[in-house]
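Participant: I need the structure of the sequence given here:
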Amino acid sequence: MKNKKIEEIIKKLYIPANDSHKGKNGRLLIIGGSHLFHAASLWALKVASRIVDLVHYSSIEENNKIVQGLKEEFRDGIVVSRSEIESYIEEDDCILIGPGMLRAENSKLKTPASAEASAGRQNLKLQLKIQKLEDILKLKDEGMQTYYLTKYLLQKYPKKKWTIDAGALQMIDPEDIPENSILTPHKKELDLLKAKIPSFAKASTGKQNSKEDIKYFADKYNCIILLKGKEDIVASKDKIEEIAGGNAGMTKGGTGDVLAGLVAALYCKNDAFVSAITASYINKQAGEELYKKMGLWFNASDLADQIPMTMKRLLLD
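Facilitator: Model prediction:
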C-alpha cells in the first residue's frame, strides 16, 4: 500500500555523493547472535552491508567464524571480537544490539546468588560502573551476558546512535535507554518494557498498545518506538505515524531482524524518526513486491535481497 507522504520523506534520505570515499557513507556495528540463534544477526548483517560502507560484526566466536566463511558475500565488513567492540563503538556511526541474543530468566535477575550475577539488583548500577567488559564476557550464561553487556554499553556510551532489538530489548532497563535511540519491539516485547515502568499503569489508557501508550513511552524516554505489526506504529516524543502494508509472508522468522538491520543502516546517516518510518515503509513495500513474484512463499533472505531493489525504485527511479 503506497503512502505518498512517506515516499516524499524517503526521497530525502541520504544518498552517497559521486565523489565520496569508503567510510563516509555510514559505518555500523552489529552486536548480536548466540549459540541458539545463528541466523538472526546474519540477516541484519546481510541487508545492512548493502546500504552502508562498512559493517563491523561482533557475535560469539562460533558466529564470527560463520561470517568469516561468507567473505564473498560480506566484502566490506570486519568481524570483531566482543573484547574489541568498545573501540568500534567509538568510531562507528550507529550500533545495532540485540538480534539473536538470548534473554535471561527474570528469576536470575531478581535473586542473583553468584559472583557472576552480582550481590543484588539494587546494587547493579553501582557494580556496573566499576565492572570491566572482560568480566561481563566471562559470564557463562548467555542471557545474563546479554543483560549485563547491554546495560554496560548503553550506560557508558549514551551519546551514540543506538538501535535496540530482540534479546537486548527484552533485557533492557528503561532508565538506561539513551536519548534518540530506536527501539524495535513487537507487541509482547513492548508489554515487557511497559511492565518495568511503575508510572505506566497510571498513564496508560487501558487499551493494550494504544497509540497513546506508545507515544507516552517515546516521550518519557525521548526515544523512537517502532512497534512491529500488521500496521507498524512509529512514535517519537512529538510525532507518530502508522505504516500499513506487507502481507502474511512477512510473519516468517528473521523478517524482524532484516528490519532491524535496515533501521540501523539508515540511522547511520539520517535522523532517527526518519530512519524508523522509512525503514518500516521500505520493508513493507519489499514484502509486497515479493508477494507479486512469489506469493506468500518467501523468507527473510528473500526480503533482504529485495530491499535494495525496492530502495532503488523509491529513491532513484
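
Participant: in the stretch 201-317 of the chain, mark out all the helices, start to finish.
Facilitator: For the stretch 201-317 of the chain, helices defined by DSSP state H, counting those that start in this stretch occupy the ranges 211-221, 255-267, 272-294, 300-315.

Participant: residue 78 contacts residue 54, correct?
Facilitator: Yes: with contact defined as CB atoms under 8 Å, residue 78 counts as touching residue 54 (7.1 Å). Where C-beta positions appear, they are placed from N, C-alpha and C, glycine not excepted.

Participant: any regions of the chain where pLDDT drops low?
Facilitator: Judged against pLDDT under 70, the low-scoring parts of the chain cover residues 70-77, 105-131, 201-209.

Participant: quick one on the thing from earlier: mind checking which of residue 78 and residue 54 has more residues around it?
Facilitator: residue 54 (21 against 14; other CB atoms under 10 Å).

Participant: nearest residue to that one other than its sequence neighbours?
Facilitator: Taking CB to CB, 6 or more residues apart in numbering as the measure, residue 54 lies nearest to residue 27, with 4.6 Å between them; neighbours along the chain are not counted.

Participant: give me the number of neighbouring residues for the one you found.
Facilitator: Burial of residue 27, expressed as a neighbour count using other CB under 10 Å, amounts to 19.

Participant: and it, what is it in contact with?
Facilitator: Contacts here follow CB atoms under 8 Å, 6 or more residues apart in numbering; on that basis residue 27 touches 52-56, 91-94, 268.

Participant: for it, give me phi and psi.
Facilitator: With angles defined as degrees, to the nearest 10, residue 27 shows backbone torsions of phi -130, psi 120.

Participant: what about residue 101, distance to residue 210?
Facilitator: In this structure, residue 101 and residue 210 are 29 Å apart, going by CB to CB, to the nearest Å.

Participant: between the two, which is the more surrounded one?
Facilitator: Higher neighbour count among residue 101 and residue 210: residue 101, with 30 against 13, using other CB under 10 Å.

Participant: before we move on, what SS does the more buried one have?
Facilitator: Assigned with DSSP: H, G, I helix; E, B strand; the rest coil, residue 101 falls in the coil class.

Participant: just give the nearest non-adjacent residue to it, would you?
Facilitator: Leaving out its chain neighbours, the residue that sits closest to residue 101 by CB to CB, 6+ apart is residue 167, at 3.0 Å.

Participant: what about that neighbour, neighbour count?
Facilitator: The number of residues packed near residue 167 is 28, by other CB under 10 Å.

Participant: that one reaches residue 145, doesn't it?
Facilitator: No: counting by CB under 8 Å, residue 167 does not reach residue 145; the two are 10.0 Å apart.

Participant: among the contacts of residue 27, who's most crowded?
Facilitator: Of all the contacts of residue 27, residue 55 has the most neighbours under the rule other CB under 10 Å, reaching 30 neighbours.

Participant: other SSEs contacting the helix or strand hosting it?
Facilitator: When secondary structure is defined by DSSP states H and E, residue 55 falls within strand 54-58. Where contact means 3 or more CB pairs under 8 Å, 6 or more residues apart in numbering; DSSP states H and E, strand 54-58 is packed against strand 27-31, helix 39-48, helix 61-68, strand 77-79, helix 85-91.
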